[in-house]
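Asks: Here is the input, now give the coordinates:
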Amino acid sequence: MNFQIKQAVPADGQAIGDLIQAVWAGMDHKEWYVPDDGPHITALLEEGKAIAFLALGETDGVLAGAFLAVLPGRSQENLGREYGLSEEELDLAAHMDSAAVRDRFRGFGLQRRLMEVTEEALAAKGIRYLFCTAHPENTYSQNNIRSLGYEAFLQKDMYGGYRRDLFIKCI
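Replies: Numbers count the residues shown, from 1 in each chain. Predicted coordinates for the structure are as follows:
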């Protein structure tokens, strides 16, 4: 199956949020994923605090998957603080935040492809530290993250008490 990968614009925020919510609603282990909503994603994109990429079915244009990366700057939520980055280095960090792929499009490597495209775009913006989190039992995400060169550096409770492994990749 072929997909067109394109960078999202703020007007895509609601569709990304709807996709994320739909994927989360269908999950057996809802604690593995903390979903964002459309208005939040739209605001992040409008404010330049995030970038996102979409995977669209090449023939029908259906939104098959999406990936969102957040640029937390020097906020207290920046995972670079957990890693020990300096205040200046925090500006060079991004969170590889949310991946969502519709059930019928799984198995085509979309999460990986979307992450790779996002990494390239972030590197072009001067980002050097990529952080992400995954539930310790979510082997699919764990394997995807590790296969892209991310290394676990900490496990902690986040997002209102959900256990997460924290990963970094320096680019």
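Asks: which residues in this protein form strands?
Replies: Using DSSP state E, the strands found in the chain span residues 3-7, 50-57, 63-70, 93-101, 129-134, 151-158, 162-170.
Asks: Could you identify which of the ones you listed is most buried?
Replies: Highest mean neighbour count of the strands of the chain: strand 63-70, a mean of 25 (counted as mean count of other CB atoms under 10 Å). (Each C-beta comes from the backbone N, C-alpha and C, glycine too.)
Asks: and the gap between residue 5 and residue 114?
Replies: From residue 5 across to residue 114, the span is 7 Å (CB to CB, to the nearest Å).
Asks: In space, what's closest to residue 3 - neighbours in sequence excluded?
Replies: Nearest residue to residue 3, sequence neighbours excluded (CB to CB, 6 or more residues apart in numbering): residue 55, at 4.5 Å.
Asks: from what I can see that neighbour touches residue 99, true?
Replies: No. Between residue 55 and residue 99 there is no contact under CB atoms under 8 Å: 10.4 Å.
Asks: where do the contact lists of residue 5 and residue 114 overlap?
Replies: Counting by CB atoms under 8 Å, 6 or more residues apart in numbering, the shared contacts of residue 5 and residue 114 are 53, 55.
Asks: least trustworthy helix or strand in this protein by mean pLDDT?
Replies: The weakest-scoring helix or strand in the chain, judged by mean pLDDT, DSSP states H and E, is helix 139-147 (a mean of 90).
Asks: So what touches that helix?
Replies: Residues external to helix 139-147 that are found in contact with it (CB under 8 Å, 6+ apart): 32, 99, 111, 112, 115, 132, 134, 135, 136, 152, 165, 167.
Asks: number of nearby residues for the fifth one?
Replies: As a burial measure, the neighbour count of residue 115 was computed by other CB atoms under 10 Å and equals 23.
Asks: How about the fourth one?
Replies: Around residue 112 sit 16 other residues, with neighbours defined as other CB under 10 Å.
Asks: heads up, I number from 587, so please use that
Replies: Taking 587 as the first residue, the last one we looked at is residue 698.
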